[in-house]
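In: Sequence first, then the predicted structure, then my questions.
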Amino acid sequence: MNWQSGFNALETTFAPTLERWYEHHKRDLPWRHTRDPYCIWLSEIILQQTRVAQGKPYYERFINAYPTVADMARAEERDLLRLWQGLGYYSRARNLHQTARYVTHELSGKFPDNFRDLLKMKGIGVYTAAAIASFAFGERVPVVDGNVYRVLARVFGIDEDITTTTAKKTFARLADQLIQAAGDPATFNQAIMEFGAIQCTPLSPDCLLCPLQQQCNAYLTGRQQRLPVKARKAAVRERFFNYLVFKSGDKIALRERTARDVWQNLYDFCLLETDEVQASWRELTLPEPLVALVAEGKLVGSPVQTVQLLSHQRIRAVFYTIELPLQSIVPLPVGLDWYTIEEAGQLPKPVLVTNYLEKWFG
DNA sequence: AAAACGGGGAC
DNA sequence: GTCCCAGTTTT
């Protein structure tokens, strides 16, 4: 099928067909009741690489805490991270905060109203700029997200590897061509994504009830499972985290993660990372600042082991709880500070740490 | 161009 | 286990 050469019937019927499908199948979602760019922006950042079902409660939470961009600009980054806790990709929350302050203080509280200027904001890439530009301002610019890749690859039978730059250009060009035949660009963009999420799903698309069945290249050639083509990801990195959980009275020692690493600006315990699993805490080689501290404490209970799987690394963590005398004369090493359990609850933490605290200190 | 960046849900 | 989710930034 040569979809690249000029206009054909499918290219003109595609958008209207999806828009019609959308009117009957669209879900009732909170961010679909507004054209306020702040609400649209917030919803789009939350939904990056995140399922609607997972993101929706976070959207409600954020809108409730920060009804306007000025409210968000007034908040501390730490509080945004705390609200974001559990959603992952925490740079989204940090960029959210940065952009809220920029819009409030440099742009008089008004979001950029077009694709090109939206693209300049931190955390807003090509997809999100197109989403906000079309949903909030009606600009005729196509969104190309995971749903769109899947729908277009199948309907138009495109077998390019969607992780490559050339393929991204191919899909963007096609989407741009298709949105020209749409009635309302915002509705078309919503429709194609909703269609991908509900009808043209990754594993078992509902081809029997599909309005594009007889036009769909993948259906007609039996390639629904083969499209889109996507290169396999590299194997995940194995990491071994040995956490020393210092405890004294009703306080525990935490530190903020500041390195260019996973969970930046979140809080965890004193961490000794090793390049293989350690049989016991005796095998850990303690850095100088910790020697005296550990010598003064005693290990309580048995080590707690857990595994946290991220998209790009598998973290095997062991927690050693070390009880220190109430009036320890040895100061905590730089970075570590004492927090009550209540204070710790208010700090943003990786799920790994939150789970541990809930189970053993909750 | 490739890697880094979370966590959860569906199969 | 595998795949993928309304992607962006850094290397």
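Out: Good, I have the coordinates.
In: And what about A:A253, helix, strand or coil?
Out: strand (DSSP: H, G, I helix; E, B strand; the rest coil).
In: The residue lying closest to it once chain neighbours are set aside is in what secondary structure piece?
Out: If the residues on either side of it in the chain are set aside, A:A253 comes closest to A:F246, at 3.9 Å by Cβ to Cβ, 6 or more residues apart in numbering. Every C-beta, even on glycine, is put in place using the N, C-alpha and C of the backbone. Assigned by DSSP states H and E, A:F246 falls within strand A:237-248.
In: can you give me the offset of that strand from its chain's centre?
Out: Its chain's average C-alpha position is 25 Å from that of strand A:237-248, according to Cα atoms, centre = their mean, to the nearest Å.
In: What strands flank it, and is each parallel or antiparallel?
Out: Paired neighbours of strand A:237-248 in the sheet (DSSP bridges): strand A:251-256 (antiparallel), strand A:270-274 (antiparallel), strand A:313-323 (parallel).
In: excluding its backbone neighbours, what's nearest the residue of the stretch 101-250 of chain A found nearest DNA strand C?
Out: Closest residue of the stretch 101-250 of chain A to DNA strand C, Cβ to the nearest atom of the strand: A:G125 (2.4 Å). Computed as Cβ to Cβ, 6+ apart, the closest residue to A:G125 that is not its neighbour in sequence is A:L119, at 7.3 Å.
In: before we move on, what about A:T170?
Out: A:E160 (5.8 Å).
In: Among the strands paired with strand A:237-248, which comes closest to DNA strand B?
Out: strand A:313-323 (6.2 Å).
In: what about that closest one and DNA strand C, any contact?
Out: No: judged by Cβ under 7 Å from any atom of the strand, strand A:313-323 stays clear of DNA strand C, getting no closer than 8.7 Å.
In: quick check: mean pLDDT across that strand?
Out: What strand A:313-323 shows for mean pLDDT is 96.
In: what number of residues lie near A:A235?
Out: 8 (other Cβ atoms under 10 Å).
In: does it count as helix, strand or coil?
Out: Put simply, A:A235 is coil when judged by three-state DSSP.
In: Look up phi and psi at it.
Out: Dihedral pair for A:A235: phi -60, psi 150, per degrees, to the nearest 10.
In: Over to A:L203?
Out: According to degrees, to the nearest 10, A:L203 has phi -90, psi -50.
In: Can I get stretch A:250-266 in CSV, CA atoms only?
Out: The C-alpha coordinates for stretch A:250-266 follow below in CSV (Å, rounded to 0.1, in the frame of the first residue of the first chain):
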residue,chain,number,x,y,z
ASP,A,250,11.7,7.7,67.9
LYS,A,251,13.9,9.1,65.1
ILE,A,252,15.5,7.7,62.0
ALA,A,253,18.3,9.0,59.8
LEU,A,254,17.4,10.1,56.2
ARG,A,255,19.3,12.0,53.5
GLU,A,256,18.3,13.7,50.3
ARG,A,257,19.4,12.1,47.1
THR,A,258,21.3,14.8,45.2
ALA,A,259,23.4,12.8,42.7
ARG,A,260,22.5,12.5,39.0
ASP,A,261,20.9,9.2,39.6
VAL,A,262,17.5,7.7,40.0
TRP,A,263,15.1,9.4,42.6
GLN,A,264,16.8,12.7,42.5
ASN,A,265,15.7,15.0,45.3
LEU,A,266,13.9,12.2,47.1
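In: Residues contacting that stretch, please?
Out: A:77-78, A:81, A:85, A:90-91, A:94, A:245-247, A:267-270, A:310, A:313, A:332, A:335-341, A:344, A:347-350, A:353, A:361 (Cβ atoms under 8 Å, 6 or more residues apart in numbering).
In: need the residues of the stretch 1-150 of chain A near DNA strand C, please.
Out: So the stretch 1-150 of chain A meets DNA strand C at A:29, A:31-32, A:43-44, A:47-52, A:89, A:91, A:95, A:122-129, A:131, A:145-147, A:149-150 (Cβ under 7 Å from any atom of the strand).
In: of those residues, buried ones?
Out: Neighbour counting with 16 or more other Cβ atoms under 10 Å marks A:31, A:43-44, A:47-48, A:50, A:52, A:95, A:123-124, A:126-129, A:131, A:145-147, A:149-150 as buried within these.
In: Where helices are concerned, which of the residues you listed count?
Out: A:43-44, A:47, A:52, A:95, A:126-129, A:131, A:146-147, A:149-150 (DSSP state H).
In: Widest-spaced pair of those?
Out: A:N95 and A:R150 (26.6 Å; Cβ to Cβ).
In: Confirm for me that A:D161 is in contact with A:K168.
Out: No: counting by Cβ atoms under 8 Å, A:D161 does not reach A:K168; the two are 10.0 Å apart.
In: For the stretch 51-200 of chain A, which residues are neighbours of DNA strand B?
Out: A:51, A:53-54, A:86-91, A:163-165.
In: May I see those arranged in a markdown table, with pLDDT and secondary structure as well?
Out: Compiled in a markdown table, these are given as follows (pLDDT from 0 to 100; DSSP: H, G, I helix; E, B strand; the rest coil):
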| residue | pLDDT | secondary structure |
| --- | --- | --- |
| A:R51 | 97 | coil |
| A:A53 | 97 | helix |
| A:Q54 | 98 | helix |
| A:G86 | 98 | coil |
| A:L87 | 98 | coil |
| A:G88 | 98 | coil |
| A:Y89 | 98 | coil |
| A:Y90 | 98 | coil |
| A:S91 | 98 | helix |
| A:T163 | 96 | coil |
| A:T164 | 96 | coil |
| A:T165 | 95 | helix |
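In: Rebuild those residues as CSV, extending it with distance to A:F240.
Out: CSV is the format used below for those (distance: Cβ to Cβ, whole Å):
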residue, distance to A:F240
A:R51, 30
A:A53, 33
A:Q54, 28
A:G86, 23
A:L87, 26
A:G88, 21
A:Y89, 23
A:Y90, 22
A:S91, 24
A:T163, 30
A:T164, 34
A:T165, 35
